[in-house]
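In: Below is the sequence, then the predicted model.
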Amino acid sequence: MKTGHAGLKEGFHKKRLVYTGAVDFRADTVTLPNGRKATRAFMKHPGAVAVLPVLPDGRIIFVRQYRYPVGEVTLEIPAGKLNSACDKPLTRAKAELKEETGYTASSIKPLISFWPTTAFSTEVIYIYTASGLRGGAQNLDDDEFVNVEIMPFKDAWELLGKGAIMDAKTIIALQAWKIKLLEKK
């Protein structure tokens with residue numbers, strides 16, 4: 001969202017690459033609005049996609065998987081990182097849905113996009129809804145171990161309310177879907 005707050009903008013001064021890998025880490029020098037210099041460390045991320053697969057009866061398809069950084073098995077919607085800035089989010093969303101759940105969709109529509117951590121990362125997550133679903137076999141990567149779990153939206157909403165769903169993209173997707181459902185009433 002762009003506003004008329006030009007006096008808050010920091011100017012780019014110098015780029016410093018700290019680490020290159022699946023994502024890049026940078027520590028850039030910026031010029032602050034008051035003229036002083038400061039360092040802004042952040043992750044340069046190509047972005048990601050997530051899919052909220054909705055069956056005709058309103059049930060949602062989730063995946064359960066172990067997430068090493070938090071040391072927990074999590075309940076999430078299917079998702080994946082864009083491979084590069086050239087990777088198209090819609091194409092990646094279709095691929096991730098098929099890979100992680102085995103389902104294909106006759107319709108995939110944008111639901112919401114967001115920056116998960118603006119102070120630390122350039123990542124944008126594009127969330128889609130998928131409908132007209134047809135089941136099939138998962139096509140997981142060699143390092144992926146994922147269980148598919150299907151549940152009514154109301155059950156997922158209850159889990160969210162109890163704090164049993166901690167994954168940000170899943171929380172945002174469920175909240176955005178709830179708004180869509182309320183708008184239809």
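Out: Cool, the structure landed.

In: What segments of the protein are helices?
Out: When assigned using DSSP state H, the helices of the chain occupy the ranges 89-101, 153-161, 168-184.

In: which one of the ones you listed lies closest to Thr117?
Out: helix 168-184 (8.9 Å; Cβ to Cβ). Glycine gets a C-beta too; all of them are placed from N, C-alpha and C.

In: and the closest one, what other elements does it pack with?
Out: strand 48-53, strand 72-76, strand 104-114, strand 125-134, helix 153-161 (3 or more Cβ pairs under 8 Å, 6 or more residues apart in numbering; DSSP states H and E).

In: ok so, going back, just so I know, which of the helices of the chain lies nearest Phe114?
Out: helix 168-184 (6.0 Å).

In: Find the residue closest to the residue nearest the centre of the chain in space, skipping its chain neighbours.
Out: With distances taken as Cα atoms, centre = their mean, Ile125 lies nearest the centre of the chain, 3.9 Å away. Spatially, and ignoring its direct neighbours in sequence, Ile125 is nearest to Ala48 (4.8 Å; Cβ to Cβ, 6 or more residues apart in numbering).

In: picking up where we left off before, okay but the residue nearest to the centre of the chain is in contact with Ala50, surely?
Out: Yes. With contacts counted by Cβ atoms under 8 Å, Ile125 reaches Ala50, the gap being 6.0 Å.

In: got any residues that touch both of the two?
Out: 79, 169 (Cβ atoms under 8 Å, 6 or more residues apart in numbering).

In: Can you list the strands that the helix or strand bottoming out on mean pLDDT in the chain pairs with?
Out: In the chain, no helix or strand scores lower on mean pLDDT, DSSP states H and E than strand 11-14, which sits at a mean of 89. Here strand 11-14 is paired, per DSSP bridges, with strand 24-31 (antiparallel).

In: quick one: average pLDDT of the strand it pairs with?
Out: Across strand 24-31, the average pLDDT comes to 95.

In: Tell me how many other residues crowd Val51.
Out: 30 (other Cβ atoms under 10 Å).

In: so how far is Asp142 from the residue located most distally from the centre of the chain?
Out: Ranked by distance from the centre of the chain (Cα atoms, centre = their mean), the top residue is Gly35, with 35.6 Å. Between Gly35 and Asp142 the computed distance is 52 Å (Cβ to Cβ, to the nearest Å).

In: sorry, back to before: what residues does the residue nearest to Ile125 make contact with?
Out: Contact analysis of Ala48 by Cβ under 8 Å, 6+ apart lists 79-82, 123-126, 169.

In: Nearest to Phe42, out of the residues you listed: which one, please.
Out: The shortest approach to Phe42 among these belongs to Glu123, at 9.8 Å (Cβ to Cβ).

In: shouldn't the closest one be in contact with Val49?
Out: No. Using Cβ under 8 Å, Glu123 is not in contact with Val49; the gap is 11.1 Å.

In: Show me the shaky parts of this structure.
Out: Scanning the chain with the threshold set as pLDDT under 70 gives 1-4, 85.
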